[in-house]
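K.L.:
The sequence and its predicted three-dimensional model are supplied below.
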Amino acid sequence: MEYNFQNKEEFIKLVQSEVLTSSEVLDILGITRQSLNSLVKRGKITPIKELSRDKLFLREDVIRRKEESKELHSKYRPYDE
């Protein structure tokens, strides 16, 4: 995927809409911080940047993980539905 920006504002808009903090990921996936750390450690989701107290993720990776987890949930826990 290649991005081309005409100006700084376009880049800022993209980052604001497509880059998520750990807290935002927790809300989207409906998981705990420990679960997120486990997903990262097992390579199921990869942060694009790790800061001292937070991690940044791409929205498309988080949405993909959410879809995968729905599929796994319905496959291995069909009685929950």
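P.N.:
Ah, there it is. None of the values given here were measured: they were computed from a predicted structure.
K.L.:
low pLDDT regions in this protein?
P.N.:
1, 80-81 (pLDDT under 70).
K.L.:
what about the residue nearest in space to the middle of the chain, which SS state?
P.N.:
Nearest residue to the geometric centre of the chain (CA atoms, centre = their mean): Val62, 2.7 Å. For Val62, the assignment made with DSSP: H, G, I helix; E, B strand; the rest coil gives helix.
K.L.:
if I pick it, what's in contact with it?
P.N.:
Leu20, Val25, Ile28, Leu29, Ile45 (CB atoms under 8 Å, 6 or more residues apart in numbering). In this view, the C-beta of every residue, glycine as well, is placed from N, C-alpha and C.
K.L.:
which residues touch the second one?
P.N.:
Right, the one you point to is Val25. Contacts for Val25 (CB under 8 Å, 6+ apart) come out as Leu36, Ile45, Phe57, Val62.
K.L.:
ok, 6 Å please
P.N.:
Val25 makes contacts with Phe57, Val62, as judged by CB atoms under 6 Å, 6 or more residues apart in numbering.
K.L.:
Run the chain-centre distance for the host helix or strand of it.
P.N.:
If you go by DSSP states H and E, Val25 is part of helix 22-29. For helix 22-29, the separation from the chain centroid amounts to 7 Å (computed by CA atoms, centre = their mean, to the nearest Å).
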